[in-house]
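J.: Got a sequence here, can you model it:
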Amino acid sequence: MSEALEPGAVVAAVANRNGVCRSQLYTWLRLARDDRLPGISIAPQPATSFVPVRIGPLATSAPSIGAPASPPPDTRPALASRRRT
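T.: Residues are numbered from 1 along each chain as shown. Alright, predicted model coming up:
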């Protein structure tokens, strides 16, 4: 398929040269363009955009370590009563 995608390539000539039915090669190319051929994609990829990043000074103090968090409250009463027994 990559040969058929080269600029100036004639799909029918590529198919004949490789012993592939022309309609099959056209079908594969269409499926690949539509991103429906597993493992092969020739669909145009979206352009990546630039994301600005601001770099600030490094933190000089370590974060304080507090007491361990308490478990979240039970939001379902049926489960809460079952856990207490």
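J.: use CA for all of it now, contacts and neighbours both
T.: OK.
J.: In a strand, Trp28, correct?
T.: No. Per DSSP: H, G, I helix; E, B strand; the rest coil, Trp28 lies outside any strand segment and is helix.
J.: Convert stretch 1-18 to PDB, retaining C-alpha atoms only.
T.: C-alpha atoms of stretch 1-18 as PDB (Å, rounded to 0.1, in the frame of the first residue of the first chain):
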ATOM      1  CA  MET A   1       0.000   0.000   0.000                       C
ATOM      2  CA  SER A   2       2.900   2.400   0.700                       C
ATOM      3  CA  GLU A   3       3.900   2.200  -3.000                       C
ATOM      4  CA  ALA A   4       0.400   3.100  -4.100                       C
ATOM      5  CA  LEU A   5       0.500   6.200  -1.800                       C
ATOM      6  CA  GLU A   6       3.700   7.600  -3.300                       C
ATOM      7  CA  PRO A   7       3.300  10.900  -5.200                       C
ATOM      8  CA  GLY A   8       2.600  10.200  -8.900                       C
ATOM      9  CA  ALA A   9       1.900   6.500  -8.300                       C
ATOM     10  CA  VAL A  10      -0.800   4.800 -10.400                       C
ATOM     11  CA  VAL A  11      -2.800   2.500  -8.200                       C
ATOM     12  CA  ALA A  12      -3.700   0.200 -11.000                       C
ATOM     13  CA  ALA A  13      -0.100  -0.200 -12.100                       C
ATOM     14  CA  VAL A  14       1.000  -0.900  -8.500                       C
ATOM     15  CA  ALA A  15      -1.700  -3.500  -8.200                       C
ATOM     16  CA  ASN A  16      -0.700  -5.200 -11.400                       C
ATOM     17  CA  ARG A  17       3.000  -5.200 -10.500                       C
ATOM     18  CA  ASN A  18       2.300  -6.900  -7.200                       C
END
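J.: Contacts for it next, please.
T.: Here stretch 1-18 makes contact (CA atoms under 8 Å, 6 or more residues apart in numbering) with 21-22, 25-26, 28-29.
J.: quick one, phi/psi of Ile40?
T.: phi -130, psi 130 (degrees, to the nearest 10).
J.: tell me the contacts of it?
T.: Neighbour list for Ile40: Ala32 [criterion: CA under 8 Å, 6+ apart].
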